[in-house]
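> following is a predicted model, sequence given first.
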Amino acid sequence: MIKYLGSKRTLVPVLGAMAAAVDAGTAVDLFTGTTRVAQEFKRLGMTVTASDIATYSEVLSDCYIATDATAVPSAPAKIPIRTGREDVPDTMSPAPAPTPVPKAAATVGTAT
């Protein structure tokens with residue numbers, strides 16, 4: 001969780017409840033920052049506009065607000081790649097889940 005001065009994190013449930021109570025269909029989140037409020041409004045099914053001058057905020061709003069969940073495939077797709085090499089497949093499958101490291105092997109720098 002990212003915490004910033006001026007965060008509206010604690011207001012998210014209140015603002016969401018207020019929007020739901022008046023059956024709001026659209027919302028504007030000015031100074032959106034981490035997009036917490038805009039994400040809540042979007043979760044409620046509202047059309048949301050998020051605005052901020054911070055670059056990180058633009059990245060977060062593109063990811064969480066502008067992306068339409070219905071347009072994102074639910075299963076990972078194979079990614080086409082062009083390597084020019086015959087020994088490399090034409091598609092890449094998503095990476096497999098990491099193999100758990102045994103607890104004893106994960107210990108680093110212990111004194112004996």
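Ah, there it is.

> going along the chain, name the helices of the chain.
12-21, 36-43, 55-61, 103-106 (DSSP state H).

> any weak-confidence spans in this structure?
1-5, 72-112 (pLDDT under 70).

> let's see that with 80 instead.
1-7, 69-112 (pLDDT under 80).

> quick revisit: among the helices of the chain, which is the most enclosed?
Mean neighbours per residue, mean count of other CB atoms under 10 Å, is largest over the helices of the chain for helix 36-43, with a mean of 22. From N, CA and C alone the C-beta is placed, and that goes for glycine too.

> residue contacts, Asp52?
Counting by CB atoms under 8 Å, 6 or more residues apart in numbering, Asp52 touches Leu30, Phe31, Thr32, Gly33, Glu58, Ser61.

> please redo it, this time with the cut-off set to 10 Å
Asp52 makes contact with Asp29, Leu30, Phe31, Thr32, Gly33, Thr34, Thr35, Ala38, Glu58, Leu60, Ser61, according to CB atoms under 10 Å, 6 or more residues apart in numbering.
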